[in-house]
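Enquirer: sequence first, then the predicted structure, then my questions.
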Amino acid sequence: MPRKEMYQKIREACIAYSTEWNRANVERRREIRKKYKQSEKGKASAKRYKQARRAAHRLARVAWRDQEAIDALYLRAARLGMHVDHIVPLRHPWVCGLHVETNLRLVDGRENQRKGNRWWPDMPHIELVDP
């Protein structure tokens, strides 16, 4: 019997056991979590970054986007070894771009990383004045 089917069969017992173990081993769980965070520091921060990026993509999707055009652009980028760049960034303090085909372009990886989410075409120039 595959593992997934086995789990579904004994799901309630697994949840009860896990809950009981967690309650009985609070300090042990803290030690395990602390050790993991220290050994996997880079991976943990990369994971948080990926989660935030996926959430930004989800929030920036609109119903009227042309998903076929977007998929074609990502396939073309993979074939050419380029990056797909959001012209107007999805996450920025001043503006929120959309995940639509008109906000995407193919760029060299270096250029995309240099741009980050700090700049976009027609970005207004704001003078910061000290009070």
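Expert: Good, I have the coordinates.
Enquirer: show me where the chain has its helices.
Expert: Here the chain has its helices, by DSSP state H, at 3-9, 11-24, 26-39, 41-60, 67-80, 109-115.
Enquirer: quick check: mean pLDDT of the first one?
Expert: Pointing back at helix 3-9 there. Taken as a whole, helix 3-9 has a mean pLDDT of 80.
Enquirer: what's the answer for the longest one, then?
Expert: Mean pLDDT, taken over the full extent of helix 41-60, equals 81.
Enquirer: against which helices or strands is that helix packed?
Expert: The contact analysis (3 or more CB pairs under 8 Å, 6 or more residues apart in numbering; DSSP states H and E) places helix 41-60 against no helix or strand. Where C-beta positions appear, they are placed from N, C-alpha and C, glycine not excepted.
Enquirer: which of the residues in it are buried?
Expert: Buried residues in helix 41-60, counted by 16 or more other CB atoms under 10 Å: 56, 60.
Enquirer: so how far is stretch 22-33 from its chain's centroid?
Expert: 28 Å (CA atoms, centre = their mean, to the nearest Å).
Enquirer: same question for stretch 59-79.
Expert: What separates the centre of stretch 59-79 from the centre of its chain is 16 Å, taken as CA atoms, centre = their mean.
Enquirer: contacts for that stretch?
Expert: Residues outside stretch 59-79 that contact it (CB atoms under 8 Å, 6 or more residues apart in numbering): 83-84, 90, 96-101, 104, 106.
Enquirer: equivalent analysis for stretch 17-27, please.
Expert: By CB under 8 Å, 6+ apart, the residues outside stretch 17-27 that reach it are Arg29.
Enquirer: what's the mean pLDDT across that stretch?
Expert: 91.
Enquirer: pull it out as PDB, backbone CA atoms only.
Expert: Taking Å, rounded to 0.1, in the frame of the first residue of the first chain, the C-alpha atoms of stretch 17-27 are listed here in PDB:
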ATOM      1  CA  TYR A  17       0.200  11.000  18.100                       C
ATOM      2  CA  SER A  18       1.900  14.100  16.600                       C
ATOM      3  CA  THR A  19      -0.100  16.500  18.800                       C
ATOM      4  CA  GLU A  20       0.700  14.500  21.900                       C
ATOM      5  CA  TRP A  21       4.400  14.200  21.100                       C
ATOM      6  CA  ASN A  22       4.600  18.000  20.400                       C
ATOM      7  CA  ARG A  23       2.900  18.800  23.800                       C
ATOM      8  CA  ALA A  24       5.200  16.400  25.700                       C
ATOM      9  CA  ASN A  25       8.400  17.600  24.000                       C
ATOM     10  CA  VAL A  26       8.200  21.400  23.900                       C
ATOM     11  CA  GLU A  27      11.800  21.900  24.800                       C
END
